[in-house]
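sharing a model that was predicted from the sequence below.
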Amino acid sequence: MTARSWKELSEEPATKWSVWKYHWLIHHQSIVALERAAAFARGTLVDVGCGARPFAPQFAGRVERYIGSDLRSSEYLAGRAPDVYARAEALPFRDGSAGTVFGFSMMTYLPEPLLALREARRVLEPGGHAILEFTQMVPLHDEPHDYFRFTRSGASWLLEQAGLEPVELIPIGGLWTRVGLTMTGALNAINRGPTRVLTEIPVRILYVVLQLGFLALDRLFFDPREVVAHLAIARKPTGPAHAPRA
């Protein structure tokens, strides 16, 4: 996935069926994963690295309150200020005050992701859930602050080290999705400048054909070892025996 596609996810309301749009392929699969994960959301939800809150609709009716948190320096706010300015490693909330901590496309930007996971555990109430995306297979973006890629095992290990119990890791896109993103990215580069009046309609048609085709290939030949990202659902234990590991 390119930097622009992540930026679009942050700036626009997420749409599930707009197949003619740039990088719909990954947007669609992200929303499908979030709809599945949203069943675990409850109470007050803290969206860490919220941007312009493109995924808030997926949690509508599931949570009582939606609080967005981001950096003052974020390029993805799209003119909409978050409820609080804060780093993921130092959230300005009381211990056990949130039923859900949500973070999409933010773990890769953290030089010490374990600190952020421990902070998520701190603000979660016992039995609350963290819903966090861990990127595995995308190009570098927003350098020099793009630090890590995460395997399924690595994400689970980090969650456990933070004192959270992994419940489910939902794959977002596979190898064929990754190939499709490269092709739509190349088309998007063509569909710019003064010639766009000529290329716009053909490119949009190709978006539809390619993205539906690669989505079908991904479903037919999916390999869980090669995914674009994992959407992890992790629970804060209700007992005192599972403190974060030093």
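Arrived safely.

ranges for the strands of the chain?
Secondary structure of the chain (DSSP state E): strands located at 44-48, 65-70, 84-85, 98-103, 124-135, 165-174, 227-235.

pLDDT on the shortest one, on average?
For strand 84-85, the mean pLDDT works out to 96.

what is that strand packed up against?
Secondary-structure packing of strand 84-85 (3 or more CB pairs under 8 Å, 6 or more residues apart in numbering; DSSP states H and E): strand 65-70. Where you see a C-beta, it was placed from the backbone N, CA and C, and this is true even at glycine.

list the buried residues of the longest helix along the chain.
For the chain, the longest helix by residue count, based on DSSP state H, is helix 196-220. Residues 203, 206, 207, 210, 211, 214, 215, 217, 218 are the ones in helix 196-220 that count as buried (16 or more other CB atoms under 10 Å).

just stretch 75-85 next, same as before
76, 77, 82.

what's the end-to-end length of it?
Using CA to CA, to the nearest Å, the end-to-end distance of stretch 75-85 comes out at 13 Å.

could you do stretch 156-175 as well?
Stretch 156-175 has an end-to-end distance of 21 Å (CA to CA).

tell me the average confidence for that stretch?
97.

tell me how far it lies from the chain's centre.
Centroid displacement of stretch 156-175 relative to its chain, using CA atoms, centre = their mean, to the nearest Å, is 13 Å.

ok, stretch 85-92 next?
Computed by CA atoms, centre = their mean, the separation of stretch 85-92 from the middle of its chain amounts to 18 Å.

what of stretch 227-239?
Counting by CA atoms, centre = their mean, stretch 227-239 comes out at 12 Å from the chain centroid.

pLDDT on that stretch, on average?
According to the model, stretch 227-239 has a mean pLDDT of 95.

buried residues in it?
For stretch 227-239, a neighbour-count test (16+ other CB under 10 Å) marks 227, 228, 229, 230, 231, 232, 233, 234, 235, 236 as buried.

quick one, what contacts the residue lying closest to the last one once chain neighbours are set aside?
Okay, so that is residue 236. Of all residues not flanking residue 236 in the chain, residue 124 sits nearest, at 4.2 Å (CB to CB, 6 or more residues apart in numbering). Neighbouring residues of residue 124 by CB atoms under 8 Å, 6 or more residues apart in numbering: 96, 98, 99, 100, 101, 130, 236.

neighbour-wise, which of the residues you listed leads?
For the contacts of residue 124, the largest number of neighbours (other CB atoms under 10 Å) sits with residue 101, at 31 neighbours.

show me the contacts for it.
With contacts taken as CB under 8 Å, 6+ apart, residue 101 has the following neighbours: 45, 46, 48, 120, 123, 124, 128, 129, 130, 131, 132.

can I get these in JSON lines including distance to residue 29 and pLDDT?
Below are the contacts of residue 101 laid out as JSON lines (distance: CB to CB, whole Å; pLDDT from 0 to 100):
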{"residue": "45", "distance to residue 29": "22", "pLDDT": "98"}
{"residue": "46", "distance to residue 29": "24", "pLDDT": "98"}
{"residue": "48", "distance to residue 29": "21", "pLDDT": "97"}
{"residue": "120", "distance to residue 29": "24", "pLDDT": "98"}
{"residue": "123", "distance to residue 29": "28", "pLDDT": "98"}
{"residue": "124", "distance to residue 29": "26", "pLDDT": "98"}
{"residue": "128", "distance to residue 29": "26", "pLDDT": "98"}
{"residue": "129", "distance to residue 29": "21", "pLDDT": "98"}
{"residue": "130", "distance to residue 29": "20", "pLDDT": "98"}
{"residue": "131", "distance to residue 29": "16", "pLDDT": "98"}
{"residue": "132", "distance to residue 29": "16", "pLDDT": "98"}
